[in-house]
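In: here are the coordinates; sequence isn't available:
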């Protein structure tokens with residue numbers, strides 16, 4: 001290879017590197033300008049990297065399918081009813097992949113983003129997923145707040161029983177699931193753990 005060819009080849013490599021760096025910089029700028037809903041991903045990542053409160057730490061091993069960040073949100077009473085789906089048991093293989101969407105960058109790399117939110121379809125055609133998630137959530141509530149709020153778990157169990165009773169009459173995905181999530185969110189927004197208001201009244 002002649003000196004001129006080598007110089008041309010090195011210039012081409014340098015141009016390619018510069019172009020890749022520009023593309024990566026453009027990707028970073030795009031991520032910084034993304035909508036507020038996507039910024040939730042960064043908040044979740046910060047919570048994932050924060051040290052959980054001492055009362056939450058023992059629960060991490062007790063509930064291996066539930067993230068420390070999610071347990072911390074329950075402890076701080078910041079949980080949203082739609083996040084209940086993240087209490088679902090996951091296999092070790094699928095844990096990292098299931099909640100992520102992978103996007104190819106122009107430079108050929110991949111970036112993983114957490115899904116912003118679950119849809120009603122993610123809950124399935126029957127109450128099985130909701131029931132499993134809700135029971136795990138109840139166990140967490142019992143461990144975290146059972147001593148101070150002994151009525152919390154029994155009241156939530158009665159709420160769950162009523163939701164399952166309603167499922168015998170009405171369609172799960174169209175009617176009962178939205179009722180369960182909306183009423184649970186109402187209770188979470190009130191922030192009360194020891195009231196009898198968990199029961200659905202006619």
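Out: That came in fine, so what should we check first? Just so you know, these numbers come straight off a predicted model, no measurement behind them. Residues are numbered from 1 along each chain as shown.
In: going by C-alpha atoms from here, please, whenever you check contacts or count neighbours.
Out: Fine.
In: would you map the helices across this structure?
Out: 3-32, 36-49, 57-62, 68-75, 92-98, 128-145, 152-167, 177-190 (DSSP state H).
In: isn't residue 60 right up against residue 70?
Out: No - taking CA atoms under 8 Å as the definition, residue 60 is not a contact partner of residue 70, at 10.0 Å.
In: the more surrounded of those two?
Out: Taking other CA atoms under 10 Å, residue 60 and residue 70 do not tie; residue 70 has more neighbours (21 against 16).
In: low pLDDT regions in the protein?
Out: 1, 6, 20-21, 23-49, 89-118, 193-202 (pLDDT under 70).
In: ok, now which ones touch the residue nearest to residue 57 when sequence neighbours are not counted?
Out: Spatial nearest neighbour of residue 57, excluding adjacent residues (CA to CA, 6 or more residues apart in numbering): residue 68 at 7.8 Å. For residue 68, the contact set (CA atoms under 8 Å, 6 or more residues apart in numbering) comprises 48, 52, 56, 57, 60.
In: now, among the residues you listed, which is nearest to residue 77?
Out: residue 56 (12.6 Å; CA to CA).
In: count of neighbours near that closest one?
Out: The burial count for residue 56: 21, using other CA under 10 Å.
In: and it, how far from residue 141?
Out: 11 Å (CA to CA, to the nearest Å).
In: likewise for residue 11?
Out: 62 Å.
In: hmm, residue 129 is touching residue 88, no?
Out: Yes - using CA under 8 Å, residue 129 makes contact with residue 88 at a distance of 7.1 Å.
In: picking that back up, of residue 11 and residue 141, who's got more company?
Out: More crowded of residue 11 and residue 141, by other CA under 10 Å: residue 141, with 19 against 12.
In: which residue sits closest to that one, ignoring its sequence neighbours?
Out: Residue 141's closest residue in space is residue 153 (CA to CA, 6+ apart), at 7.0 Å.
In: for residue 180, same thing?
Out: Residue 180 sits nearest to residue 163 (CA to CA, 6+ apart), 6.5 Å away.
In: ok, the one you found - how many residues close by?
Out: Neighbour tally, residue 163, other CA under 10 Å: 20.
In: in this structure it contacts residue 176, no?
Out: Yes - Residue 163 is within contact range of residue 176, at 7.0 Å (criterion: CA under 8 Å).
In: go through stretch 80-91 and flag the buried ones.
Out: 80, 81, 82, 84, 85, 86, 87, 88, 89 (16 or more other CA atoms under 10 Å).
In: closest one of the residues you listed to residue 64?
Out: Distances from residue 64 to the buried residues of stretch 80-91, taken by CA to CA, are shortest for residue 89, at 8.3 Å.
In: any idea how far the residue nearest to residue 57 is from residue 185?
Out: For residue 68 relative to residue 185 (CA to CA), the value is 21 Å.
In: cool, residue 51 as well?
Out: Taking CA to CA, one finds residue 51 at 26 Å from residue 185.
In: same check on residue 84?
Out: 10 Å.
In: do the same with residue 62
Out: 25 Å.
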